[in-house]
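K.L.:
pasted the sequence and its predicted model underneath.
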Amino acid sequence: MLRLFAAAAVSALISGSALAGPAAPKSVELYAIECGRLTMPNADGFADDGSYKDKPAKMVVPCYLIRHPKGDLIWDTGLPQADKPAPNAAVPTLVDQLKQLGLTPADIEYLSISHSHFDHIGNAGKFASATWIVDPKEKAYAFSEGARKNAAQFATYSALETSKTKLIEQPTFDVFGDKTVVIYQAPGHTPGHTVLLVRLKQAGPVLLTGDMWHIAESRPNRRVPRFNFNREQTLKSMDLVEALAKETKARVVLEHVPEDFDTLPKFPAALK
């Protein structure tokens, strides 16, 4: 009898919440996680009108965790990071930072990225067990013949090719079905670039804009990077995002702008 009781207890422990990570939050929470920094002596590529020629720029590379009563979403996965970083690494890996909340990649229900450039999809392969929410044009772009030729970068997210996938086939995608976490198509930087609106109970709406604008001055001046996929689409998407921000009165976060990132609660604190 004692053996049966012990076996039952072990079974319950393994299958129960003891190994399932932290309890779901009562309302939506947004965590800003630093996943690297970029320093460029010449930011000329970030405006096709020459505004940044020979001018330096510093950028933060964020990852975001959105916790919802119905599950967790990772939005953007940052620069590629080694599984075992050097002891003097500037910041812990995304996976190590999630551990501070008691989470592992296997605990994450949903993964989405603003787009598939290396500094936004760098660790996505670690979340291949999640459901990948992606614009179909961006998925095709990420798995194109040209993308596959960059073997080192492709390896950081190639596992997503066989992940469970939900395609963003309409202008918006309501992740949890209650309009608190909504993805909007905003192409131009890449074929399937997207932005994310998160409605928080206390802080209100927050709009994460991906690479709509890399530098603060680019937003009021409508500057388009030289390397964008489509200039006309970019300008239309700028209009869409500005209209969305005005309609929702959202706090607009330019993801690469250090000043915007630094105003968000320092991880592991959350914006609620």
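P.N.:
That came in fine, so what should we check first? From a predicted model like this one, the values you see are computed outputs, not experimental measurements.
K.L.:
use CA for all of it now, contacts and neighbours both
P.N.:
OK.
K.L.:
any idea how far the nearest residue to Leu160 once chain neighbours are set aside is from Ser158?
P.N.:
Distances taken as C-alpha to C-alpha, 6 or more residues apart in numbering put Ala128 closest to Leu160, at 5.2 Å, once the chain neighbours are dropped. Distance, Ala128 to Ser158, by C-alpha to C-alpha, to the nearest Å: 9 Å.
K.L.:
so between the two, which is more surrounded?
P.N.:
More crowded of Ala128 and Ser158, by other C-alpha atoms under 10 Å: Ala128, with 23 against 18.
K.L.:
give me the residue ranges of the protein where confidence is low.
P.N.:
Under the criterion pLDDT under 70, the flagged ranges of the chain are 1-20, 85-86.
K.L.:
how about the helices in it?
P.N.:
2-15, 94-99, 118-121, 136-142, 145-149, 151-155, 218-221, 231-248, 258-262 (DSSP state H).
K.L.:
which one, of the ones you listed, ends up nearest to Thr190?
P.N.:
For these, proximity to Thr190 was assessed by C-alpha to C-alpha; helix 136-142 is nearest, at 7.2 Å.
K.L.:
residues contacting that closest one, please?
P.N.:
Surrounding helix 136-142, the residues in contact under the criterion C-alpha atoms under 8 Å, 6 or more residues apart in numbering are His115, Ser116, Ala147, Leu167, Ile168, Glu169, Thr190, Pro191, Gly192, His193.
K.L.:
where's the second one relative to Thr162, distance?
P.N.:
Separation of Ser116 from Thr162 (C-alpha to C-alpha): 16 Å.
K.L.:
higher neighbour count, the two?
P.N.:
Ser116 (26 against 10).
K.L.:
leaving out sequence neighbours, find the closest residue to that one.
P.N.:
Once flanking residues are discounted, Ser116 sits nearest to Ala142: 5.9 Å by C-alpha to C-alpha, 6+ apart.
K.L.:
thanks a lot, see you next time.
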